[in-house]
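Colleague: no sequence on this one, just coordinates:
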């Protein structure tokens, strides 16, 4: 036998075992008992009829109560905020239900961060508060506990996620969804800025220093130091391609035979794509940086005496044949020994690093933060780090300085061929103020003052 409905002292109102369904006798002039479904705070959600007799009302009340128990959301019987907060942090609850492309579980680091925010900021205010009483005042109290303005934004996002889940799973009413939008004053005396904004320096802040640019002799040594995974002629062509066309490494790895064969007779090649490596996804092509392609002028012979234009033509024709034969499906100019796209990390590790070592390029060491996986969790530790004084991207700086000093290009011509989005940045970076510029300015001032005194 199941539990029977209880009655109020007057014997008129029937209440289901869960307390969520109530039956009232017919009002004056009517015949039917009325069944009301209420939420945790006693507010009526829905109403229906339960027959004309007390017995039929009791049967309908118990049946409706069983139906609600079988199909009610997780928060149907919750009363206090602690229940919703525990449910939000529960590892067994599927996450990211509105984003099927994401993992149904949080990462360990995100779980730890969210648990800290909930326990430190939300629980002291909301855990003991009945869910039906959650209001904007409680949200204000949660956010006002935050020590910095940055933490206010993080806790606000967490509170928004808790409210969204509470409404979706029956813990909260729909009118409680936007409680997190309450305004909290950003008081500098209580919540100082996380860090002071850096002062904007003049053009020297983006000026290219001489030690950032490898010399022509260093580039020549790099081209002559062939890594084990390439033929000498191929590596020499790759170094000259990067150093004297200005293409970024992703654009070079994404360059295909059609990009060369279509425009090379006019002295140009097309940069239409770059190779990207999204986290958790396979490599694919995307538009170049700044979102648009460009044409790049290719010199017949580089300052190192390498016939770059003829090498590009030969390599593009071979890549076209490899694409037809199936060995190089993408028709890429720079491919692995197996005919596939390089990744940036593999290209640096297997090609650039051995060649730079053999060429005697300077290597730097320092201690800095590194993310590593320890006991199944990603942590940031201080470790010994290494890099080159002139990394792979410095070949693009060498290209810009060659265009400025040897080819006599203007800033507009360099911006057009190099794919920079802002000509003003190019002028500041490569044509901007230098120590020699300031020395000449001071000398001219001194000369003007001297001539004035002599007159």
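Modeller: Yep, that arrived. Quantities reported herein were computed from a predicted structural model and do not represent experimental measurements. Numbers count the residues shown, from 1 in each chain.

Colleague: for the residue nearest to residue 419 when sequence neighbours are not counted, list each beta-bridge partner.
Modeller: Closest residue in space to residue 419, ignoring its immediate chain neighbours: residue 294 at 5.2 Å, by Cβ to Cβ, 6 or more residues apart in numbering. (Each C-beta comes from the backbone N, C-alpha and C, glycine too.) Beta-bridge pairing of residue 294 under DSSP bridges involves residue 271.

Colleague: isn't residue 294 right next to residue 271, touching?
Modeller: Yes. Contact status for residue 294 versus residue 271: in contact at 5.3 Å, counting by Cβ atoms under 8 Å.

Colleague: who has more neighbours out of these two?
Modeller: Between residue 294 and residue 271, counting by other Cβ atoms under 10 Å, residue 271 is the more crowded of the two (26 against 19).

Colleague: relative to residue 422, how far out is that one?
Modeller: Distance from residue 271 to residue 422, counting by Cβ to Cβ, to the nearest Å: 18 Å.

Colleague: before we move on, what about residue 185?
Modeller: 37 Å.

Colleague: do I have it right that residue 122 meets residue 85?
Modeller: Yes. Counting by Cβ under 8 Å, residue 122 does reach residue 85; the two are 6.2 Å apart.

Colleague: shared neighbours, the two?
Modeller: residue 162 (Cβ atoms under 8 Å, 6 or more residues apart in numbering).

Colleague: more neighbours, these two?
Modeller: Taking neighbours as other Cβ under 10 Å, residue 122 and residue 85 compare with residue 122 leading, 22 against 19.

Colleague: please identify the helix or strand for the closest residue in space to the more buried one that isn't next to it in sequence.
Modeller: In this structure, residue 122 finds its nearest non-sequential neighbour in residue 142, 5.7 Å apart by Cβ to Cβ, 6+ apart. In this assignment (DSSP states H and E), residue 142 forms part of helix 136-144.

Colleague: that helix: which residues count as buried?
Modeller: Residues of helix 136-144 classed as buried by neighbour count (16 or more other Cβ atoms under 10 Å): 138, 139, 140, 141, 142, 143, 144.

Colleague: cool, stretch 338-351 as well?
Modeller: 339, 341, 342, 344, 347, 348, 350, 351.

Colleague: surely the third one meets residue 333?
Modeller: It stands for residue 342. No. The pair residue 342 / residue 333 is not scored as a contact, 10.7 Å apart, by Cβ under 8 Å.

Colleague: point out where the stretch 201-350 of the chain drops to low pLDDT.
Modeller: 201-207 (pLDDT under 70).

Colleague: 90 instead?
Modeller: 201-212, 261-267, 277-284, 289-293 (pLDDT under 90).

Colleague: can you give me the strands for it?
Modeller: 268-271, 274-276, 284-286, 294-297 (DSSP state E, counting those that start in this stretch).

Colleague: now do the first one: which elements does it pack against?
Modeller: Same thing as strand 268-271. helix 257-261, strand 294-297 (3 or more Cβ pairs under 8 Å, 6 or more residues apart in numbering; DSSP states H and E).

Colleague: follow-up on the earlier one: which of the buried residues of helix 136-144 sits closest to residue 302?
Modeller: For the buried residues of helix 136-144, the residue nearest residue 302 by Cβ to Cβ is residue 143; the value is 60.4 Å.

Colleague: mind listing what the nearest residue to the closest one once chain neighbours are set aside touches?
Modeller: Nearest residue to residue 143, sequence neighbours excluded (Cβ to Cβ, 6+ apart): residue 184, at 4.4 Å. Each residue near residue 184 by Cβ under 8 Å, 6+ apart is listed here: 140, 143, 144, 146, 152.

Colleague: picking that back up, so which of the buried residues of stretch 338-351 sit within helices?
Modeller: 344, 347 (DSSP state H).

Colleague: let's have the buried residues of stretch 338-351 in a markdown table, adding distance to residue 243.
Modeller: Output for the buried residues of stretch 338-351, formatted as a markdown table (distance: Cβ to Cβ, whole Å):
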| residue | distance to residue 243 |
| --- | --- |
| 339 | 25 |
| 341 | 21 |
| 342 | 18 |
| 344 | 17 |
| 347 | 15 |
| 348 | 16 |
| 350 | 19 |
| 351 | 14 |
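
Colleague: gap between residue 368 and residue 344?
Modeller: To residue 344, residue 368 is 20 Å away according to Cβ to Cβ.

Colleague: cool, and residue 258?
Modeller: 23 Å.

Colleague: same question for residue 409.
Modeller: 28 Å.

Colleague: in three-state terms, label residue 384 for me.
Modeller: Here residue 384 is recorded as strand under DSSP: H, G, I helix; E, B strand; the rest coil.

Colleague: which residues touch it?
Modeller: 365, 366, 367.

Colleague: pairing partners for the helix or strand where the first one lies, with directions?
Modeller: Put plainly, it is residue 365. When elements are assigned from DSSP H and E, residue 365 belongs to strand 363-374. Strand pairing for strand 363-374, determined by DSSP bridges: strand 377-388 (antiparallel).

Colleague: what residues of the partner strand count as buried?
Modeller: Neighbour-count burial for strand 377-388 [16+ other Cβ under 10 Å]: residue 388.

Colleague: repeat for stretch 167-175
Modeller: Buried residues in stretch 167-175 (16+ other Cβ under 10 Å): 167, 168, 169, 170, 171, 172, 173.

Colleague: and this protein, what are its domains?
Modeller: Domain segmentation of the chain under automatic domain parsing yields 6-71, 81-181, 215-356+396-408, 409-448.

Colleague: now the shortest one, how far from the chain's geometric center?
Modeller: This points to domain 409-448. 34 Å (Cα atoms, centre = their mean, to the nearest Å).

Colleague: quick check: mean pLDDT of that domain?
Modeller: Across domain 409-448, the average pLDDT comes to 79.
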